[in-house]
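K.L.:
Sequence and predicted model, in that order:
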Amino acid sequence: MSAATAAAIAAPFDGFRSLVKPEWIDGNGHLNMAHYVLIFDHATDAWFEYLGLGSAHRRANPITTFCLEAHVTYQREVREGDPLRVTTRLLGFDAKRLHYFHEMYHAGEGYLAATNELMSLHVSQVSRRATPMAPEILARLADVQAAHDPLPRAPQIGRVMGLAAGPTAPKGR
C-alpha cells in the first residue's frame, strides 16, 4: 500500500452519525435494544459504501451481503436526543466474508455506549449462495486491513457470553 493510499484510509472508519429519536425510547427511558441494532445496521450500510460494497455496487452486480453472526454489548445508556457517532474497523476478511467491529459513542460526551461485532457473507442474488468478492473489493479490503491492524484491540472483540465471562452491567449516567 502506498503512503497516499494509507493516508486516505480512515483508521477506524468514522462515517456514521445519528440522533436518538423519541420513538426509539423504551419504558426505561433510554434507547431500546432493537434500535441499537438498527443504528448499527445503518452504520454497516455506510461502512459498505466506504468499502465499495454499497448500493452502486449492488445495482451493477447481482450480489448482496448476509449477516452470519452479530454480537452487541451495551456499555452505557443513551437517551432521547443524544448525538451518536459510530466508528468501524475491519478485523479480518477472506474471499467471501468480512469480520468487522462497530463502536457507538455519545458524540457530545465521548463515552462508549455500545459495540457490535459482525461477520457478513458476500452472496450471489441469483444462486443465494456465498460468492467471492471482486478483485478490486478484495484489494480495497487489504488496504483497509493494513490501516486497521495497528489499532488497539477493544476488549469487547471476540467476547464470550456467559456467567463466567465477567460483569456486563451497563453503566448509568
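P.N.:
Cool, got the structure.
K.L.:
For residue 160, report the pLDDT, please.
P.N.:
Note on residue 160: pLDDT of 86.
K.L.:
residues near it, how many?
P.N.:
Per other Cβ atoms under 10 Å, the neighbour tally for residue 160 reads 8. Quick note: C-beta positions are derived from backbone N, CA and C, even for glycine.
K.L.:
which ones are touching residue 37?
P.N.:
Residue 37 is in contact with 70, 72, 116, counting by Cβ atoms under 8 Å, 6 or more residues apart in numbering.
K.L.:
Kindly report the same for residue 47.
P.N.:
Neighbour list for residue 47: 13, 15, 16, 88, 100, 102 [criterion: Cβ under 8 Å, 6+ apart].
K.L.:
Report the buried residues of the strand or helix carrying it.
P.N.:
Assigned by DSSP states H and E, residue 47 falls within helix 33-51. Using 16 or more other Cβ atoms under 10 Å as the test for burial, helix 33-51 gives 35, 36, 39, 40, 43, 44, 46, 47, 48, 50, 51.
K.L.:
My guess is the second one contacts residue 102. True?
P.N.:
No: in this structure, residue 36 is not within contact of residue 102 by Cβ atoms under 8 Å, at 9.9 Å.
K.L.:
Common neighbours of the two, please.
P.N.:
Contacts common to residue 36 and residue 102, judged by Cβ under 8 Å, 6+ apart, are residue 116.
K.L.:
any chance you could map the helices in this protein?
P.N.:
3-8, 33-51, 55-60, 135-148 (DSSP state H).
K.L.:
number of nearby residues for residue 11?
P.N.:
Residue 11: 16 neighbours (other Cβ under 10 Å).
K.L.:
Distance check, it against residue 28.
P.N.:
35 Å (Cβ to Cβ, to the nearest Å).
K.L.:
Residue 131 touches residue 123, doesn't it?
P.N.:
Yes: the criterion here is Cβ under 8 Å, and residue 131 meets it with residue 123 at 6.4 Å.
K.L.:
Identify the contacts common to these two.
P.N.:
residue 63.
K.L.:
The most centrally placed residue in the chain pairs with what?
P.N.:
Central residue of the chain (Cα atoms, centre = their mean): residue 102, 3.5 Å from the mean position. Counting by DSSP bridges, residue 102 forms beta bridges with residue 88, residue 116.
K.L.:
Could you measure from it over to residue 27?
P.N.:
26 Å.
K.L.:
just residue 79 next, same as before
P.N.:
13 Å.
K.L.:
Which one of those two is surrounded by more residues?
P.N.:
residue 79 (14 against 6).
K.L.:
Leaving out sequence neighbours, find the closest residue to the more buried one.
P.N.:
Of all residues not flanking residue 79 in the chain, residue 30 sits nearest, at 5.3 Å (Cβ to Cβ, 6 or more residues apart in numbering).
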